[in-house]
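1. Predicted structure and sequence below. I'll ask about it afterward.
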Amino acid sequence: MEDKGRYIYTVSQLTSSVKIVLEDSFQNIFVEGEISNFDRPASGHLYFTLKDDKSELKCVFFKSSNEKVKFEIKDGMQVLCGGRISIYEKRGVYQLYVTKLEPKGVGALQLAFEQLKERLFKEGLFDEAHKKKIPLIPERIGIVTSTTGAAIRDILHVLDKRFSNVEVIINPVKVQGEGAREEIAAAIDEFNRLSNIDVMIVGRGGGSLEDLWAFNEEIVARAIYNSKIPVISAVGHEIDWTISDFVADMRAPTPSVAAEIVIAKKSELADRLDELTKKITGFPVNIVKEYEQRLDEIETGISLRFRHYMQLKEENFKLLSEKIGILSPLGILDRGYSISFKLPDRKIIKNSKDVKKGDLIETRVSKGSFTSRLE
């Protein structure tokens, strides 16, 4: 609108014009700063302020873009935001429309890994008390992995060498990319519903952090934790660690090692069986020999106790004999006394009135006896 040579803008006109200039000038930019005033309404869009020590910038991160972010966004986080500058015309506020967001100083996936690991650890999903024992000789093994990767070939090769007649059930899944986490979790749940295996191997071959990411997803971790069937996690190479490894009942550094863990070599089992057979066979013999030795010890003990008992009895007998000898009439005779009997009835003469002139008397002394007639 012109007025006396001047062009006058309405607020809307000015705002639209500035918006065009800003959008043309700042189409694809990156801005570094600290997140503050973070807000996540029910719509799923994210609103926050990006600031440094001198200025602030309003930011909008629409749901269609922020769903790809793996880590948890928080106030105070230093980030790098990519997007475009435009104006929210209703309020005349310029803001950054974010299409990418990365943590500053650490990779986005690594940060997401650490955040989820810390949260699940606090919930107790890694506790040793919850881990189940792996059966020694499973009759049927379940495998959750891709049928086109190297992992399944390695596992089957090892199982065939170690114990060729073990039964294997494969539940094929995607192990990376869109939908992989859902398929892996669903396969674990399906094995549990069917309850037709004794142990489960869940994993894949090696790859980058992005390739292995399905095994760092919370839905997979909780499926493993809730499994009633023991789970061996076998993801990537020895240096690779995933959330699945921490939650599983046992972690194998590679799929091949998982196959070695899940079942012993047939030859090793045969050797062990021979060893146990020898122990069982020799067991009764050893018991008999042990009891024979024990009987010998008991017999020796009884003999010693009996001899000691007889010695004590013999000594007691001697003492009693001596006492009896002292108190007996014969003992009195040994001390110079004699006993006289009236014949023929051999009554002991205790009183002089018991005899008369002409009676025959037998007198017993210590050494023999003699007969006399009373005059």
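-> Nice, thanks for sending it over.
2. Find me the pLDDT at the nearest residue to R251 once chain neighbours are set aside, would you?
-> Ranked by C-beta to C-beta, 6 or more residues apart in numbering and with sequence neighbours excluded, the top spatial neighbour of R251 is D245, at 4.1 Å. (Each C-beta comes from the backbone N, C-alpha and C, glycine too.) Note on D245: pLDDT of 95.
3. Next, count neighbours for D245.
-> 23 (other C-beta atoms under 10 Å).
4. measure it to I20 for me?
-> For D245, the distance to I20 equals 53 Å [C-beta to C-beta, to the nearest Å].
5. Which strands or helices does the helix or strand hosting the residue nearest to R251 pack on?
-> Remark: D245 resides in helix 243-247, with elements defined by DSSP states H and E. When contacts are defined as 3 or more C-beta pairs under 8 Å, 6 or more residues apart in numbering; DSSP states H and E, helix 243-247 packs onto helix 108-123, helix 218-226, strand 231-235.
6. So which of these has the densest surroundings on average?
-> strand 231-235 (a mean of 28; mean count of other C-beta atoms under 10 Å).
7. got the angle between that one and helix 218-226?
-> 140 degrees (axes from the mean of the first three to the mean of the last three C-alpha atoms, to 10 degrees).
8. ok so, going back, OK, contacts around the residue nearest to R251?
-> By C-beta atoms under 8 Å, 6 or more residues apart in numbering, the residues touching D245 are F215, S233, V235, R251.
9. Could you save these as a markdown table and add columns showing distance to L109 and pLDDT?
-> Formatted as a markdown table, those follow (distance: C-beta to C-beta, whole Å; pLDDT from 0 to 100):
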| residue | distance to L109 | pLDDT |
| --- | --- | --- |
| F215 | 12 | 95 |
| S233 | 18 | 95 |
| V235 | 15 | 93 |
| R251 | 20 | 94 |
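10. Pull the most distant pair out of those.
-> F215 and R251 (11.2 Å; C-beta to C-beta).
11. Common neighbours of these two, please.
-> With C-beta under 8 Å, 6+ apart, F215 and R251 have common neighbours S233, D245.
12. With neighbour numbers in mind, choose between the two.
-> In this view F215 and R251 are compared by other C-beta under 10 Å, and F215 has more residues nearby, 29 against 20.
13. quick one, helices of this structure?
-> For the chain, the helices defined by DSSP state H cover 11-25, 63-66, 108-123, 150-162, 180-194, 218-226, 243-247, 255-262, 266-327, 329-334.
14. Of the ones you listed, which is nearest I169?
-> helix 180-194 (8.0 Å).
15. low-scoring pLDDT stretches of the stretch 151-300 of the chain, where are they?
-> 264-271, 282, 284-286, 288 (pLDDT under 70).
16. Quick one: residues contacting T99.
-> S65, G82, G83, R84.
17. Leaving out sequence neighbours, find the closest residue to it.
-> Once flanking residues are discounted, T99 sits nearest to G83: 4.7 Å by C-beta to C-beta, 6+ apart.
18. circling back: which positions in the helix holding D245 come out as buried?
-> I243, S244, D245, F246, V247 (16 or more other C-beta atoms under 10 Å).
19. same deal with stretch 11-31?
-> T15, V18, K19, L22, V31.
20. wait, which of the residues you listed is closest to I229?
-> When the buried residues of stretch 11-31 are compared against I229 (criterion: C-beta to C-beta), the nearest one is V31, at 49.1 Å.
21. Any figure for the gap between the closest residue to the closest one other than its chain neighbours and I20?
-> Nearest residue to V31, sequence neighbours excluded (C-beta to C-beta, 6+ apart): C81, at 5.1 Å. C81 sits 22 Å away from I20, going by C-beta to C-beta.
22. Quick one, which of the helices of the chain gets closest to L209.
-> Once those are compared by C-beta to C-beta, helix 108-123 is nearest, at 5.2 Å.
23. CA-only coordinates of that closest one, as CSV, when you get a sec.
-> The C-alpha coordinates for helix 108-123 follow below in CSV (Å, rounded to 0.1, in the frame of the first residue of the first chain):
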residue,chain,number,x,y,z
ALA,A,108,23.4,-40.7,18.5
LEU,A,109,23.2,-44.5,18.5
GLN,A,110,25.9,-44.8,21.1
LEU,A,111,24.1,-42.4,23.3
ALA,A,112,20.8,-44.2,22.8
PHE,A,113,22.6,-47.5,23.7
GLU,A,114,24.0,-46.0,26.9
GLN,A,115,20.6,-44.5,27.9
LEU,A,116,18.7,-47.7,27.4
LYS,A,117,21.3,-49.8,29.1
GLU,A,118,21.3,-47.6,32.2
ARG,A,119,17.5,-47.6,32.3
LEU,A,120,17.1,-51.4,31.9
PHE,A,121,19.9,-52.0,34.4
LYS,A,122,18.0,-49.9,37.0
GLU,A,123,14.8,-51.9,36.3
